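**Student:** Got a predicted model here, sequence first, then my questions.
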Amino acid sequence: MPDETLITKKKSAPFILLQFASCIFVTFLLSTFILLNLVPAAPQLSLNANKNRNACPAYGCISSPIDNQTVILSSELYSTTSCQLGCLFTRQGPSHSVNQDRSFLIRPFLTKQQAAFAIKEESFLVAILDGHGVLGHEVAEYARTELPGIVADKLNARQCCQSDDWIQQQLKDAFAELQKKVPVHSGQRGGCTASVTLRIGEKLYFANAGDGRTILVYGKPNATVLYHTRFDKPHLPDERVRIESSGGRIHTPPQNPAMSRVIVFSKAANETIGLAMSRSIGDSEWKEIGVTAEPIVDVVPIESLERQFIVAASDGLWDLRRIEFLARQLTNNLYETGLDKSLPEKLPLFVDRIAPTKGYQDDISVVIVPL
């Protein structure tokens, strides 16, 4: 019996250890499951968040695009190897606690009817979104994630015969829908400008609301600015008429009219605030007195693709130099021999040279898109 008892103990020791190890493993799995369900996941690029084609936006998503060659870039991603389709760069202002700029480039930007053709037209959608106010970054981020899908849905509404006037109206309607969908709290304490360019075939559709800007440049040898969007400022005659007829008040410094402001006593902030632009997304308290989300939409035919490119940037860049100077500098520094392969490395250096971090405080974002 003593021998049998000893044998029993020898058999049970490994068994007990196995049970103990099993308990630890089960506890680990349970803990991991709880952590994965309680701890928020790291932020993902919303245009690429869902791998289910049915859940992708109307224009497709990077993991399951309508066209397998679709490239989707956003201000959360920065291309460091090639700028053949476009480059994005953003730099947070030294005095800002958060970068309020957002941007995206989707190329090609195919609607359903375009994707059905064997030979597809060249297309893209690019935007600069510059937030302002306490929650401007939230409005800009919302616009970044939602606007491409809204635009695609608008364009998908008609299967053929999309005239220039019709496309212009769809872009205006897309901005209006975006404005309605901005989360209430974010829109009360912030807003963003939006400078959007849509290419369909050999035409460019520029939709601009606010003081972001997009320019179309013909590169070497002359670096000519073929087109640029307008800074929507309150002192401009058409903007002043609309705002003042809606009961708004505009302060215009006599020596510097471009620094004009739309003045509102904000109930949300409990203070008087001046808005630096006459068109924007969000800014709900200003919408009551004539500030509008409706963009000015222009159509520009592309007459020659050679050495042409688009530059979209937040006002942090345009405030520093005239657009002609920037066009020359970009052409000379970034497009020395056609499309410079070192552009991803040169672009941050270019911005730092134009706007040294020690002397300039605003966020700066730039998107360059070769045609």
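**Tutor:** Cool, the structure landed. Numbering: from 1, shown residues only.
**Student:** what packs against the helix or strand that Phe206 is a member of?
**Tutor:** Secondary structure from DSSP states H and E places Phe206 in strand 203-209. Packing contacts for strand 203-209, counted by 3 or more C-beta pairs under 8 Å, 6 or more residues apart in numbering; DSSP states H and E, involve helix 164-181, strand 190-200, strand 213-218, strand 296-301. C-beta coordinates here come from the backbone N, C-alpha and C atoms, glycine included.
**Student:** Give me the mean pLDDT for it.
**Tutor:** Summarised as a single mean, pLDDT over strand 203-209 is 97.
**Student:** thinking again about what came up before, could you say which of the helices and strands packed on strand 203-209 is packed most deeply?
**Tutor:** strand 190-200 (a mean of 27; mean count of other C-beta atoms under 10 Å).
**Student:** helix or strand for the residue nearest the centre of the chain, which one?
**Tutor:** Centroid-nearest residue in the chain: Ser103, 2.5 Å away (criterion: C-alpha atoms, centre = their mean). In the assignment (DSSP H and E), Ser103 maps to strand 101-107.
**Student:** mind checking which helix or strand of the chain has the lowest mean pLDDT?
**Tutor:** In the chain, no helix or strand scores lower on mean pLDDT, DSSP states H and E than strand 64-65, which sits at a mean of 34.
**Student:** weakest of the helices and strands packed on strand 203-209 in terms of mean pLDDT?
**Tutor:** When those are compared by mean pLDDT, strand 213-218 comes last with a mean of 92.
**Student:** Quick check: neighbours of it in the sheet, parallel or antiparallel?
**Tutor:** strand 224-228 (antiparallel), strand 308-313 (antiparallel) (DSSP bridges).
**Student:** quick check: angle from the last one to strand 101-107?
**Tutor:** Angle between the axes of strand 308-313 and strand 101-107 is 150 degrees (criterion: axes from the mean of the first three to the mean of the last three C-alpha atoms, to 10 degrees).
**Student:** Quick one: name whatever helix or strand follows strand 308-313.
**Tutor:** As assigned by DSSP H and E, the chain's next helix or strand after strand 308-313 is helix 315-318.
**Student:** what helices or strands is that next one leaning on?
**Tutor:** Under the contact criterion of 3+ C-beta pairs under 8 Å, 6+ apart, helix 315-318 touches strand 364-370.
**Student:** Look up the pLDDT of the nearest residue to His96 once chain neighbours are set aside for me, please.
**Tutor:** Nearest-residue entry for His96: Asp363, 6.0 Å, with adjacent residues in sequence omitted and distances by C-beta to C-beta, 6 or more residues apart in numbering. At Asp363, the predicted lDDT confidence score is 83.
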